[in-house]
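Asker: turn this into a structure:
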Amino acid sequence: MLARIRLTFKQHRFETMAVTIVCVALTAAALVEAYRLNSLNVPLACLQTYQGGYMTVIGGPSQGPVTAAQAQCNELANSFFDMRRSLDMNLVQLLLLLVPLLAGIVVGAPLVAREIEQGTAPLSWALAGSRRRWLLGKVLAGVLLLASLMLAVGLAANVLEGALNPGLNPYASFSNYLGRGVMDVFWALAAFAGTFALGTILGRTMPAVVLALVVCFFARAAWDSGMTHFVLRPFAVQQVQQDQLQQQGYVVYGPGGPSTADLYVYYKSFIDGKEVTDAEVNAWYNLNMVCVPISTPTSSDSTSPAGTGSPGASSSPGGMPTPDESGVDSGVPCQNPTIDPSHMPQQVTYVIPGGWYWQTVALESGLLLLGSLFCGAIAFVWVDRRRPY
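Answerer: Numbers count the residues shown, from 1 in each chain. Purely as a prediction, here's the structure:
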């Protein structure tokens, strides 16, 4: 079997070398980007108290004078966010998301299809003594290659995630969890199994590549929604209150708002303890809340003499629209001081807590592994029925 594995690497040395070079380079790039972020030495407190020019709440009080210490903190936080939004950082993150699938497709497509295309399959089957034994050696070679490379890529992605979100433990957080860690290994194996199964059925490399790209794209795009709607939904629990967020692994900072360790699943709305739909919530607001403009004097109002200008006219900061003659405008704040806040609609969010990271990853990895085994079983059954051309 070892000889057959070595022969497989030799037969597919171009794909082996290409995938190895790309994965090693991407691992190094992710570690370098993480080092660059960490080398800024931005205190977490600076990120949490960051005051950008666009952070002022519309209609609220303006920010007070910025102290020298806060100005220095803002400068450090700006450098952090600029690097986080940089082109090279975005490129590395995109590649970390795509490489597991692409590597599985590149390694899996020619595994069986190439020998059928080149007409060497009958000789290989005869020398191996069994088509399934021949296929098993090839599959083991691909699994060993992808598992080792993707584990390195996934660990580097975890390091980068920790640098991108200081204060969050990447091993107890669902931030970008589908594109890092051991999930990379199982995404690659799933793409690999599906692709060599297609190559076994079709007997052609390029059709297998094209079809695998389409299938993997839709599977990856629908995975998150499918998991949260059908698999993880029964396990979701109510999210902790705001005053407990910091203790549960939340880090709140910057223009992105809260960076959370939990995985959002769904929410429910309640009015006076009764669960209601979104339509009922909107109907409640339309019935009970009164839309009024926020009035602030304009510069012309403060300088114009009495009897001129438009004293008391509404001027909304930041270009906020004011109600028309009917008094209805969705861009204007609504309020009703006669209503007890406890009787207003309440929204309860249900999540998978960050502390359940490993259990959730094990579940999703297991599902990907089952899919890989299913595709592999199809290939092992089909290879015995496959014509040698």
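
Asker: and the helices in this structure?
Answerer: Ranges of helices in the chain, per DSSP state H, are 2-11, 13-39, 44-48, 68-84, 87-118, 121-128, 131-164, 182-202, 205-226, 278-288, 299-303, 357-383.

Asker: highest mean neighbour count out of these?
Answerer: Of all the helices of the chain, helix 182-202 has the most neighbours on average by mean count of other Cβ atoms under 10 Å, namely a mean of 26. All C-beta spots, glycine's among them, are computed from the backbone N, C-alpha and C.

Asker: what's the angle from it to helix 205-226?
Answerer: Taking axes from the mean of the first three to the mean of the last three Cα atoms, to 10 degrees, one finds helix 182-202 and helix 205-226 inclined to each other by 140 degrees.

Asker: kindly export helix 182-202 (C-alpha atoms) in CSV.
Answerer: This file holds the C-alpha atoms of helix 182-202, laid out as CSV (Å, rounded to 0.1, in the frame of the first residue of the first chain):
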residue,chain,number,x,y,z
VAL,A,182,-10.2,21.7,11.7
MET,A,183,-13.2,22.7,9.5
ASP,A,184,-10.7,23.4,6.7
VAL,A,185,-9.6,19.7,6.8
PHE,A,186,-13.2,18.4,6.5
TRP,A,187,-14.1,20.9,3.8
ALA,A,188,-11.1,19.8,1.7
LEU,A,189,-11.9,16.1,2.3
ALA,A,190,-15.5,16.6,1.3
ALA,A,191,-14.5,18.5,-1.9
PHE,A,192,-11.9,15.8,-2.6
ALA,A,193,-14.3,12.9,-2.2
GLY,A,194,-17.0,14.5,-4.2
THR,A,195,-14.6,15.3,-7.0
PHE,A,196,-12.9,12.0,-7.4
ALA,A,197,-16.4,10.4,-7.3
LEU,A,198,-17.4,12.6,-10.2
GLY,A,199,-14.2,11.7,-12.0
THR,A,200,-14.9,8.0,-11.5
ILE,A,201,-18.4,8.4,-12.9
LEU,A,202,-17.6,10.8,-15.8
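
Asker: begin at 40 from here
Answerer: All set: I'll call the first residue 40, so the last point we hit is now helix 221-241.

Asker: centre of the chain to that helix, how far?
Answerer: Helix 221-241 sits 21 Å away from the centroid of its parent chain (Cα atoms, centre = their mean, to the nearest Å).

Asker: that one - what's its average pLDDT?
Answerer: Across helix 221-241, pLDDT averages out at 96.

Asker: and residue 64, how far from residue 397?
Answerer: Distance of residue 64 to residue 397, given as Cβ to Cβ, to the nearest Å: 29 Å.

Asker: again with residue 78
Answerer: Going from residue 78 to residue 397 by Cβ to Cβ gives 30 Å.

Asker: can you check residue 304 too?
Answerer: Using Cβ to Cβ, we find residue 304 at a distance of 18 Å from residue 397.

Asker: now residue 52
Answerer: From residue 52 over to residue 397 the distance is 37 Å, taken as Cβ to Cβ.

Asker: quick check: pLDDT value at the spatially closest residue to residue 138 that is not a sequence neighbour.
Answerer: The shortest distance from residue 138 to any non-neighbouring residue, by Cβ to Cβ, 6 or more residues apart in numbering, is to residue 65 (5.8 Å). On the pLDDT scale, residue 65 is placed at 97.
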